[in-house]
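Student: Below is the sequence, then the predicted model.
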Amino acid sequence: MTITRRSMLTLSVGAAFGVVAGMRSGPASATAEDAMAKVMEFTGGTEPATGTITLDAPEIAENGNTVPVSVSVESPMTADDYVESVVIYADGNPSPDVITFNFTPMSGEASATTRMRLAKTQNVIAVAKTSTGQVFMDKKEVKVTIGGCGG
Amino acid sequence: MASVKPRVKVPKSASAGEVITIKTLISHPMESGQRKDGDGNPIPRQIINTFTCEFNGQTVFSCDIEPAVSANPYLEFTAKVGEAGTFKFTWVDDDGSVYTEEKEIALN
């Protein structure tokens, strides 16, 4: 069969359409379920308690590219009883992981601050794990006016 | 990366047993891998993925850092000082580059 210019055109338009239809419109985001699954992975299956850990994040972030976030966990921070790590998740970002802070008794206090990117309004979750096997969690919703994922 | 610069703020001295606050900043674009260039091609990820603070050779504090941490990553944390010595700060880039800074602290 001769390939006419018309059939070539129809074929290529059809292929292009198929490619475009298959593309997502933007970065996919995590869901609250993805973030909770990560929390349970971090805790090794133990349901975290509330209290003892405080997550500080603004109620409204004007710039999603740089949102200050702090965590603080009450702990004696002695060799027998100290906070080993605190992990932060953002449940509406393309990926929920943000940062893991690893403490030692030499930290003195289990507290740390950083700045994170939030793609849109979502929950920020902090989970602490201590050397004695305890786990604690705090969660805050941060409203984001201008998203910070470069999209 | 020519423009990567660490800046650290550590008190000049502390009393034994005092908990001090350390502030660190490093200039780095923290390319998340989510952005696209003008032609629509994804810009590859390149971030600082690890930070470590040691005191007299012992690890005090460290971070595992993901692309959701903002450009020019700021990290503030505490350390309990028992003796005079040297803090060493290390940042590791995805491309294997290692950036370091050191600060001395005296005992009151």
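Tutor: Everything's here; your move.

Student: now check stretch A:86-96, is it near chain B?
Tutor: Yes - using C-beta under 8 Å from any C-beta of the partner chain, stretch A:86-96 comes into contact with chain B via A:Ala90, A:Asn93, A:Pro94, A:Ser95. In this view, the C-beta of every residue, glycine as well, is placed from N, C-alpha and C.

Student: got a winner among those for most neighbours?
Tutor: With neighbours defined as other C-beta atoms under 10 Å in any protein chain shown, the most crowded of the residues of stretch A:86-96 next to chain B is A:Asn93; it has 30 neighbours.

Student: ok, and the closest non-adjacent residue to it?
Tutor: Take A:Asn93 and drop its neighbours on the chain: the residue closest to it by C-beta to C-beta, 6 or more residues apart in numbering or on different chains is A:Ala119, 5.0 Å away.

Student: Equivalent analysis for A:Thr132, please.
Tutor: A:Asp81 is the one closest to A:Thr132 (C-beta to C-beta, 6+ apart), at 5.5 Å.

Student: how about low-confidence regions in the chain?
Tutor: With no chain named, the answer covers chain A. Chain A contains residues with pLDDT under 70 at A:1, A:10, A:12-27, A:147-151.

Student: that's the other chain; I wanted chain B
Tutor: Using pLDDT under 70, the flagged stretches of chain B are B:1-2.

Student: which residues in it form strands?
Tutor: B:6-9, B:13-14, B:18-26, B:48-55, B:58-65, B:74-81, B:85-93, B:98-107 (DSSP state E).

Student: Export those strands as a markdown table, with columns for distance to A:Thr113 and mean neighbour count.
Tutor: Shown next, in a markdown table, are the strands of chain B (distance: least, C-beta to C-beta, whole Å; neighbours: other C-beta atoms under 10 Å in any protein chain shown):
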| stretch | distance to A:Thr113 | mean neighbour count |
| --- | --- | --- |
| strand B:6-9 | 13 | 14 |
| strand B:13-14 | 20 | 17 |
| strand B:18-26 | 9 | 17 |
| strand B:48-55 | 13 | 21 |
| strand B:58-65 | 11 | 19 |
| strand B:74-81 | 4 | 22 |
| strand B:85-93 | 16 | 18 |
| strand B:98-107 | 18 | 14 |
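
Student: Turn these into TSV, including distance to A:Glu74.
Tutor: Output for the strands of chain B, formatted as TSV (distance: least, C-beta to C-beta, whole Å):
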stretch	distance to A:Glu74
strand B:6-9	25
strand B:13-14	22
strand B:18-26	14
strand B:48-55	22
strand B:58-65	18
strand B:74-81	14
strand B:85-93	25
strand B:98-107	26
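
Student: No more questions from me, cheers.
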